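K.L.:
whatever this is, show me its structure:
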Amino acid sequence: MAGRRTLAGLLALVLSVAAAVVGHPAPSAGAAPDSVQQASRGAADISADIPTDLRALPPGVGAQETVRVLVELDVPAHPVTVRPQRDRLVAAQEHVAAVLSERPAGAPHRYLHLPYLAVEVTPEELAVLATTPGVVGIVEDEVWAPALDRTVELIGAERAHVVGIDGGGSAVAVLDSGVDADHPFLAGRVVGEACFSDPGSYGEPLCPDGGTSQFGPGAGAPCDGADGCHHGTHVAGVVAGAAELVSGPGMAPGPGMAPGADIVAVQVSHRTPTGGAAVMLSDVLRGLEWVYEQREVHDIVAVNLSMGGGSYQVACDRNPAAGAIELLRSAGIATVAATGNSGLVDAVGAPACVSAAVAVGASTIDDEVAFFSNRHPELLDLLAPGVEVTSSVPGGGYAPSSGTSMSAPYVAGAFALLRQQDPDASVGALVERLRDAGVPVTDTRLTAAPIYPRLEVGDLLVPPLIVDGVCLRAPFEDVAVTHPFCGEIARGSEAGILQGWDDGTFRPTREVTRQAAVAFLYERVGAPTDAPDPGFADVPATHPFHAAIAWAAAQGVATGYDDGTFRPRDAVTRQAAVAFLHRFAGSPDPAGDLGFTDVDADHEFHAAITWAAGAGITQGYDDGTFQPAREVTRQAMAVFLDRG
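P.N.:
Sure, this is the predicted structure:
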């Protein structure tokens, strides 16, 4: 059996990201935003794109050792849904696959849309590929992590979820290619379904029953038999993917924007003569009208339209969609539309160009305007993440996709969150709130450098606990804004250091236990998990604070007793608390003796107490004592941690 080898430090070519609003491959990252970069080179110069250590594996690598690579083909990346381009892609794949036909490692994987082959090759096969006409690049296969969990956190939605703002009680209508209602990410959340698919001579209808319209359970299922039928399920997952699923291989990448919201699935796609999924404006209008009629049945707060076409430099309010969008807006329903993926810097597609629509472009995880995103300083309302967003796809799986299609549903989900908090606000008022709260992103590709707001709902829905030392809201049920230590407790809570009980209380006057004290410091350093077992007789591996106590013992922050115990539930005294902090700080020398009458130079904790007092972490009492054996309350520990 051939071995597998991973080579680090390879020079990677830039993979394409989706350009069509339905998530098809786009120009390379270095291409001009309104053009497609074409590669047209022969075998003579392809070796320049193969890293030296990939062209010739290092000495000592056996002849049977292999490496996973992606082979780039000389086929324009966009648009491969057009029949000539599809035929060219298939022909290129067949040609290169034939070169590798006599091999035990198996046939290369052929992508439907991307101009690549994925294959595991030996050094000899790699050399053959490097001189094969039609091959324009070879890069090492990489393992990438999902992006949805990061983007929801980036937008601040998880802060809202924690306090119960998850879109519950409302629904978002997804007009698209249908939604897999049985997908674990969406199960039990698709509450209304319809299909409108009447392309006439332009194609073939794709309603599940074979007709041109259908209503009721199953009507909004993903279309079948056309490229792009996964799209609606992906979009719905971004809107409202379940929060309770655990992230991991083959599992959900994290919650959607509004995991408590319901989905109304409206299938509006048809199959084109070339085999792709497309949408007729007339079917979209039928769908929007049906949504309007269902608005009170399902409490619909937003419609997502991750679709469109054309390019408009001014508002397109003469577009037939404008009337339907305005009708929905008058009923308090926002129509969120993707701006399109042609990389236009001064235009957006329809229906995003309609004044009453909420036009959404794409940003990157690093808060830059995505190169493929259409935008216009006066027509674009918001940016939202749209690069390599992982979400649900039909059949129970998950996959990444890029495009403004992925950006729009974040904003649609945001309307569900805002409506839960303020059910009576107008669509216009909510749009302004989102724009005002957005993170400013500068479009550096233009000389004028326009600034667009990137969606951010954390502070909008959940204001900070504390600003400039003033508590704005109670961090816990029993810690009011007027509490003398509200600021210290709030800062510790926001930092993830201080936690309360399930009933929402902090219990500030309760004594601090030894296990809790080391846990506070443990959380402060990021909760590492690599400390050896401390061997305390009363701290088994199953102990809830085992990791924290193990870390504290390994770092010398806390020690046990002569009998081999840690006594995790014992109360912490003032002298023990400052000793923990002193050791945590590296046991610095005290600045001088502050003269506490009950802490002489021979006191066991003299250095720690003197250091803490000199650093302003703790103070003595009016009678000149420190009272080292006095038990520490949780609120006092919060103050120590805040000052230390």
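K.L.:
gap between the residue of the chain most remote from its centre and Tyr621?
P.N.:
In the chain, the greatest distance from the average C-alpha position (Cα atoms, centre = their mean) is reached by Thr597, at 56.3 Å. The gap separating Thr597 from Tyr621 is 10 Å, by Cβ to Cβ, to the nearest Å. For the C-beta atoms, the positions are set from N, CA and C on the backbone; glycine is no exception.
K.L.:
confidence score at the residue farthest from the centre of the chain?
P.N.:
Looking at Thr597, its pLDDT is 90.
K.L.:
can you report phi and psi for it?
P.N.:
The phi/psi pair for Thr597 (degrees, to the nearest 10) reads phi -70, psi -20.
K.L.:
out of everything not next to it in sequence, what's closest to it?
P.N.:
Among residues not flanking Thr597 along the chain, Gly624 sits closest, at 4.8 Å (Cβ to Cβ, 6 or more residues apart in numbering).
K.L.:
show the pLDDT at that neighbour.
P.N.:
pLDDT, Gly624: 90.
K.L.:
and what of Gly361?
P.N.:
95.
K.L.:
neighbours of it, how many?
P.N.:
Using other Cβ atoms under 10 Å, Gly361 has 31 neighbouring residues.
K.L.:
go on, Val163?
P.N.:
Val163 has 9 neighbours, counted by other Cβ under 10 Å.
K.L.:
so where is the stretch 351-500 of the chain shaky, pLDDT-wise?
P.N.:
Applying pLDDT under 70 to the stretch 351-500 of the chain flags residues 463-464, 466.
K.L.:
compute the distance between the residue nearest to Thr597 and Leu594, please.
P.N.:
Counting by Cβ to Cβ - Gly624 and Leu594 are separated by 10 Å.
K.L.:
which of the two has more neighbours?
P.N.:
Between Gly624 and Leu594, counted using other Cβ under 10 Å, the more crowded position is Leu594 (17 against 11).
K.L.:
pretty sure the more buried one is touching Gly620, no?
P.N.:
Yes: using Cβ atoms under 8 Å, Leu594 is in contact with Gly620, at 7.4 Å.
K.L.:
for Thr559, which non-adjacent residue is closest in space?
P.N.:
Ala553 (7.0 Å).
K.L.:
quickly find the element holding that neighbour.
P.N.:
helix 546-555 (DSSP states H and E).
K.L.:
now the angle from the very next helix or strand once past that helix to helix 546-555?
P.N.:
Next along the chain after helix 546-555, taking DSSP H and E as the criterion, comes helix 574-584. Taking axes from the mean of the first three to the mean of the last three Cα atoms, to 10 degrees, one finds that helix 574-584 is oriented at 70 degrees with respect to helix 546-555.
K.L.:
alpha carbons of helix 574-584, as PDB, please.
P.N.:
Presented in PDB, the C-alpha positions along helix 574-584 are these (Å, rounded to 0.1, in the frame of the first residue of the first chain):
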ATOM      1  CA  ARG A 574      -7.600  36.900  52.200                       C
ATOM      2  CA  GLN A 575      -4.000  35.700  52.600                       C
ATOM      3  CA  ALA A 576      -4.600  32.700  50.300                       C
ATOM      4  CA  ALA A 577      -6.300  34.900  47.700                       C
ATOM      5  CA  VAL A 578      -3.400  37.300  47.400                       C
ATOM      6  CA  ALA A 579      -1.000  34.400  47.500                       C
ATOM      7  CA  PHE A 580      -2.700  32.900  44.400                       C
ATOM      8  CA  LEU A 581      -2.400  36.300  42.600                       C
ATOM      9  CA  HIS A 582       1.200  36.800  43.700                       C
ATOM     10  CA  ARG A 583       2.300  33.500  42.300                       C
ATOM     11  CA  PHE A 584       0.200  34.000  39.200                       C
END
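K.L.:
would you mind giving the secondary structure of Val303?
P.N.:
Under DSSP: H, G, I helix; E, B strand; the rest coil, Val303 falls in the strand class.
K.L.:
separation between it and Val387?
P.N.:
24 Å.
K.L.:
equivalent analysis for Asp74, please.
P.N.:
In terms of Cβ to Cβ, Asp74 sits 25 Å off from Val387.
K.L.:
pull the contacting residues for the residue nearest to Val369 when sequence neighbours are not counted.
P.N.:
Leaving aside its sequence neighbours, Val369 sits nearest to Asp443 (Cβ to Cβ, 6+ apart; 4.9 Å). If a contact means Cβ atoms under 8 Å, 6 or more residues apart in numbering, then Asp443 has 345, 369, 375, 449-452 as its contacts.
K.L.:
between those residues, which sits nearest Asp317?
P.N.:
Lowest distance from Asp317 to the contacts of Asp443 (Cβ to Cβ) belongs to Arg375, with 19.1 Å.
K.L.:
if we can go back for a sec, need the residues touching each of Leu594 and Gly620.
P.N.:
Contacts common to Leu594 and Gly620, judged by Cβ under 8 Å, 6+ apart, are Ala613.
K.L.:
now Ile155. Its backbone dihedrals?
P.N.:
The phi/psi pair for Ile155 (degrees, to the nearest 10) is phi -70, psi -20.
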